[in-house]
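# predicted model, plus sequence, below.
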There are 2 protein chains.
Amino acid sequence: MRTAALELFAERGFHGTGIRDLAQRAGLSTATLYHYMGTKEDLLAEIMRDSMRLLLLAAGQTGTFGTPTERIARLTQIHVLAHAARPLHTRVADDEIRALSAPVRAEITALRDEYEDFWQSAIDDGVTSGEFRVAAPTVARLALLEMCSGVARWYRPDGPLTASELAARYVEMALGLLTVDGAAPALDPGAADDMNELVSELWPL
Amino acid sequence: MRTAALELFAERGFHGTGIRDLAQRAGLSTATLYHYMGTKEDLLAEIMRDSMRLLLLAAGQTGTFGTPTERIARLTQIHVLAHAARPLHTRVADDEIRALSAPVRAEITALRDEYEDFWQSAIDDGVTSGEFRVAAPTVARLALLEMCSGVARWYRPDGPLTASELAARYVEMALGLLTVDGAAPALDPGAADDMNELVSELWPL
DNA sequence: CGCACCCGATCGATCGGTCGATCGGGTACC
DNA sequence: GGTACCCGATCGACCGATCGATCGGGTGCG
């Protein structure tokens, strides 16, 4: 039943999944479903709690020692491996927060914030120590997490890369992202302004 | 009415938004709503079509000339600026593809694939020319796009960064990500294996 | 009049969730 | 051994509410 909910929530979204869909996938009647579970939201909340708690546990065991470079490398590897190993869990956890009622959402958000703190402090420490050169550390955290979480949306185990290889590539990219060579801007200010102008034409305020 | 649909789809998702929600937000009755629009799905499809077409148009004007570095810089800037300027459009376009029926989904997916080709060919050209050093170009494209699209989920115009500043930071990070210094692995193979072991304990197959 | 605009009322279908009833396998007492 | 009792598991039927969508009938302006 948990499996059915996981698959359907990931595939169609929480609001796109009816309890009759759940019952059919589990091979039960809707009444029997309610013998085992609470509400539909409870089902979603459990999935998200489990997902976040495991990630937080792993981050706590690997994100607190060593150099900032090592910490980011380990956090990235864990995050990518987890998203590759459990794409359904992580996709639901990343996409369906808005479907939760306010109290549960607050609980899950608190877990997520705690997890992201591991990343932020590793980035900040790296900037302080000079290992990282990045102009906006908070933006870097958001960009990194978004990029790593995306794995769950497209990774397939039968593709050209194993999960370990994929994680290694992400570690390389994450560290490259954090050690920006700011010597020469890629676009001169004039070209950048041209882009701004094009955008304000296409997407007028 | 378009505005109402845009706001509500972005806020609650397609399946989480009812016709009566749309009518109330637009200050109309549900019947009047149907005087102007087709089905609810048509509304979603229009939002996604507009969003993708503009992005594709912008990419066509900026992603085809210059060095790979310049092309990626311009694509990144356009993408980030668009997502910062129209977060609702882009969030809906990124998150609600699965809510579309098969034919419309195929159409939107084709547009998206065409757009992503601008990115992929710029990355591939840069790898060929030696400007970029990245072990898995396809993965790099996915990572870059996911990271840039994330902007729509959290950027607020009244925050510490203007949209132009944000785009400049993203250009730096994107180019850093694509020019990985592969000299020394951040984690020795033993440490990487420890991570793999931890993950297989926490997320058993 | 004709047409664009707008509405209350209502449609059949489906929603999340509950109801009372039934079934089969213990288990405790005589 | 028989039997009276209990209980978790399961079901079809059904609840009120809401879903997306439609209807016929207004208005008011050209």
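Happy to help now that I have it. Residues are numbered from 1 along each chain as shown, chains lettered A, B, ... in the order given.
# please pull out the lowest mean pLDDT helix or strand from chain A.
Here the helix or strand of chain A ranked lowest by mean pLDDT, DSSP states H and E is helix A:189-202, holding a mean of 80.
# quick one: residues in contact with that one.
A:185, A:187, B:54, B:57-58, B:61-62, B:70, B:74, B:77-78, B:81-82, B:85, B:164, B:167-168 (Cβ atoms under 8 Å, 6 or more residues apart in numbering or on different chains). C-betas here are computed from N, CA, C, even on glycine.
# which parts of it are buried?
For helix A:189-202, the neighbour count (16 or more other Cβ atoms under 10 Å in any protein chain shown) marks A:Ala191, A:Ala192, A:Met195, A:Asn196, A:Leu198, A:Val199, A:Leu202 as buried.
# okay, and which of the contacts of helix A:189-202 map to helices?
Within the contacts of helix A:189-202, residues falling in helices by DSSP state H are B:54, B:57-58, B:61-62, B:70, B:74, B:77-78, B:81-82, B:85, B:164, B:167-168.
# PyMOL command to pick out the buried ones of those residues?
For the buried members of the ones in helices among the contacts of helix A:189-202, the matching PyMOL selection, counting by 16+ other Cβ under 10 Å, is:
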select buried, chain B and resi 54+58+62+70+74+77+78+81+82+85+164+167+168
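# closest one of the ones in helices among the contacts of helix A:189-202 to A:Arg133?
B:Ala168 (14.6 Å; Cβ to Cβ).
# state the distance from that closest one to chain A.
Taking Cβ to the nearest Cβ, to the nearest Å as the measure, B:Ala168 falls 7 Å from chain A.
# so A:Asp21 is in which element?
Element membership of A:Asp21, judged by DSSP states H and E, is helix A:19-26.
# return the member of the buried residues of helix A:189-202 nearest to DNA strand D.
Comparing those against DNA strand D with Cβ to the nearest atom of the strand picks out A:Leu202 as the nearest, at 29.6 Å.
# my guess is A:Cys148 contacts A:Ala84. True?
No: counting by Cβ atoms under 8 Å, A:Ala84 is not a contact partner of A:Cys148; they are 10.2 Å apart.
# can you give me phi and psi for A:Arg133?
Reported as degrees, to the nearest 10, the phi and psi values for A:Arg133 are phi -130, psi 100.
# for it, what are its contacts?
By Cβ under 8 Å, 6+ apart, the contact list for A:Arg133 reads A:Val127, A:Leu178, A:Thr179, A:Val180, A:Asp181, A:Gly182.
# what sits closest to the residue nearest the centre of chain A if chain neighbours are left out?
With distances taken as Cα atoms, centre = their mean, A:Ser149 lies nearest the centre of chain A, 3.3 Å away. Leaving aside its chain neighbours, A:Ser149 sits nearest to A:Asp94 (5.3 Å; criterion: Cβ to Cβ, 6 or more residues apart in numbering or on different chains).
# how close does the one you found get to DNA strand C?
Applying Cβ to the nearest atom of the strand, to the nearest Å, the value for A:Asp94 to DNA strand C is 21 Å.
# for the helix or strand that A:Glu172 is a member of, packing partners?
Assigned by DSSP H and E, A:Glu172 belongs to helix A:163-178. Under the contact definition 3 or more Cβ pairs under 8 Å, 6 or more residues apart in numbering or on different chains; DSSP states H and E, helix A:163-178 sits against helix A:68-85, helix A:137-149, helix B:137-149, helix B:163-178, helix B:189-202.
# how confident was the prediction at the residue of chain A at minimum distance from DNA strand D?
Using Cβ to the nearest atom of the strand, A:Ala31 is the residue of chain A that sits closest to DNA strand D, at 2.7 Å. The score at A:Ala31 is 85. That number is its pLDDT.
# circling back to that earlier point, so for the helix or strand containing the residue nearest to A:Ser149, what gets flagged as buried?
Using DSSP H and E, A:Asp94 falls within helix A:87-95. Using 16+ other Cβ under 10 Å as the test for burial, helix A:87-95 gives A:Pro87, A:Leu88, A:His89, A:Thr90, A:Arg91, A:Val92, A:Ala93, A:Asp94, A:Asp95.
# same check, this time on stretch A:22-34
A:Leu22, A:Ala23, A:Ala26, A:Leu28, A:Leu33.
# so the third one sits against A:Tyr36, correct?
No: at 9.2 Å, A:Ala26 and A:Tyr36 do not qualify as touching, with contact defined as Cβ under 8 Å.
# so what sits against both of those two?
Common neighbours of A:Ala26 and A:Tyr36 (criterion: Cβ under 8 Å, 6+ apart): A:Met1.
# where does the prediction get shaky in chain A?
Counting by pLDDT under 70, the ranges of chain A that qualify are A:182-187, A:205.
# chain center to the longest helix seen in it: distance?
Using DSSP H, we find that the single longest helix of chain A is helix A:102-129. Relative to the centre of its chain, helix A:102-129 is centred 12 Å away, using Cα atoms, centre = their mean, to the nearest Å.
# name the element the closest residue to A:Thr17 other than its chain neighbours belongs to?
Of all residues not flanking A:Thr17 in the chain, A:Leu8 sits nearest, at 4.3 Å (Cβ to Cβ, 6+ apart). In the assignment (DSSP H and E), A:Leu8 maps to helix A:2-12.
# for DNA strand C, see how far away A:Leu55 is.
For A:Leu55 relative to DNA strand C (Cβ to the nearest atom of the strand), the value is 27 Å.
# cool, and A:Arg25?
In this view, A:Arg25 and DNA strand C are 13 Å apart by Cβ to the nearest atom of the strand.
# can I assume that residue is in contact with A:Phe9?
No: using Cβ under 8 Å as the test, A:Arg25 is too far from A:Phe9 to be in contact (10.9 Å).
# so which of the contacts of A:Arg133 wins on neighbours?
Scoring those on neighbours with other Cβ atoms under 10 Å in any protein chain shown, the highest-scoring entry is A:Leu178 at 26 neighbours.
# hmm, A:Asp124 and that residue touching each other?
No: with contact defined as Cβ under 8 Å, A:Leu178 does not reach A:Asp124; the gap is 11.2 Å.
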